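>>> the following block contains a protein sequence and its predicted model.
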Amino acid sequence: MSCPQTERMHRDPDLDPEIRLAFEFDDGRRHSLPHCRPLLIGSGEDCQVQLHDRFISGVHARVRFDTRRGRYQIEDLGSTNGTLVDGVPVNRAVLAPGMVVEIGGERLTVTRVDREADEARPRRSLGTGQRGAKHRLLGRSEAIKLLRRKLERLAALPMPVLIHGETGTGKELAARTLHEFGPRAEAPFVALNCAAIPSELVESELFGHERGAFTGAQKSRRGYFELAHG
């Protein structure tokens with residue numbers, strides 16, 4: 001069946017000539033995205049990324065690098081079942097790290113593979129320990145499945161993540177998922193309600209204190225930052 005398609009051109013990953021992106025398959029395989037030539041995706045023999053799925057067209061989609069704007073774009077080539085980016089059917093979309101492209105039954109996660117990212121990436125491998133972690137976020141709806149996939153992708157990135165939402169929506173569960181699927185899964189997870197800390201104790205709670213540092217400090221205490229650092 002054909003899918004309604006939209007055009008997503010608002011997200012610019014601010015790429016430069018030294019940065020490369022790649023598609024990462026669920027089984028860990030990677031395929032780098034070239035700068036100099038288009039990349040064809042489909043089930044046909046002429047495709048650089050050949051996918052074997054009965055719902056994938058012979059030449060399904062194309063990825064190219066826009067040298068003028070410095071960004072990668074994916075374009076659906078009139079396929080029968082469409083191309084999805086982060087769950088949305090698209091005609092054309094800018095690709096950025098962390099996005100998921102769905103073609104037929106295949107999921108391709110966009111990853112960044114430039115030198116700077118390699119140096120910033122934690123040295124501990126994101127291998128079986130993290131991939132085999134059990135999800136705390138339960139449910140079978142498409143929304144919860146999409147959330148779980150996004151959290152797994154974010155867990156692999158070397159950057160802080162701000163989670164916001166109303167009380168009772170599961171922010172701490174999402175944070176624990178990020179922790180357990182990330183490179184620090186074996187380190188402590190420290191949950192802290194900052195609003196519950198009296199203002200006069202904030203410095204002591206966060207950074208700790210030595211014995212005798214103030215009245216009532218009868219012993220040394222490690223702060224939350226040190227505890228979280230492990």
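Looks like it came in fine.

>>> my guess is residue 151 meets residue 179, correct?
No - using CB atoms under 8 Å as the test, residue 151 is too far from residue 179 to be in contact (10.1 Å). All C-beta spots, glycine's among them, are computed from the backbone N, C-alpha and C.

>>> compare neighbour counts for these two and give me the winner.
More crowded of residue 151 and residue 179, by other CB atoms under 10 Å: residue 151, with 23 against 20.

>>> so how far is residue 167 from the more buried one?
Residue 151 is 20 Å from residue 167, where distance means CB to CB, to the nearest Å.

>>> same thing with residue 203?
Relative to residue 167, residue 203 is positioned 27 Å away (CB to CB).

>>> name the residue in the two with the higher neighbour count.
A count of neighbours by other CB under 10 Å puts residue 203 above the other of residue 203 and residue 167, at 14 against 5.

>>> so the more buried one, which state does it fall into?
Assigned state for residue 203: helix (three-state reduction, DSSP: H, G, I helix; E, B strand; the rest coil).

>>> tell me where this structure has helices.
Counting by DSSP state H, the chain has helices at residues 115-120, 128-131, 142-155, 171-180, 202-207, 224-229.

>>> what's in contact with stretch 77-84?
The contact list for stretch 77-84, computed with CB atoms under 8 Å, 6 or more residues apart in numbering, reads 1-3, 5, 42, 55-57, 59-62, 74, 76, 89-90, 101-104.

>>> count the neighbours of residue 187 for me.
14.

>>> ok, residue 149 next?
15.

>>> would you map out the domains in the protein?
Split into domains by automatic domain parsing, the chain comes to 6-120, 128-180, 194-229.

>>> between the two ends of the last one, how far is it?
It stands for domain 194-229. In domain 194-229, first residue to last residue: 18 Å (CA to CA, to the nearest Å).

>>> what's the answer for stretch 63-82, then?
Stretch 63-82 has an end-to-end distance of 15 Å (criterion: CA to CA).

>>> what do you get for stretch 91-100?
Counting by CA to CA, you get 15 Å between the two ends of stretch 91-100.

>>> in the protein, which helix or strand is least confident?
Ranked by mean pLDDT, DSSP states H and E, the weakest helix or strand in the chain is helix 128-131, scoring a mean of 41.

>>> buried ones in stretch 153-169?
153-157 (16 or more other CB atoms under 10 Å).

>>> and of those residues, the nearest to residue 216?
residue 155 (39.8 Å; CB to CB).

>>> I'd say the closest one and residue 178 touch.
Yes - Residue 155 sits in contact with residue 178 when judged by CB under 8 Å, with a separation of 4.9 Å.

>>> who touches the residue nearest to residue 228 when sequence neighbours are not counted in this structure?
Among residues not flanking residue 228 along the chain, residue 190 sits closest, at 4.2 Å (CB to CB, 6 or more residues apart in numbering). Residues near residue 190 by CB under 8 Å, 6+ apart: 224, 227-228.

>>> for residue 190, give me phi and psi.
phi -110, psi 120 (degrees, to the nearest 10).

>>> and it, how far from residue 174?
For residue 190, the distance to residue 174 - CB to CB - is 16 Å.
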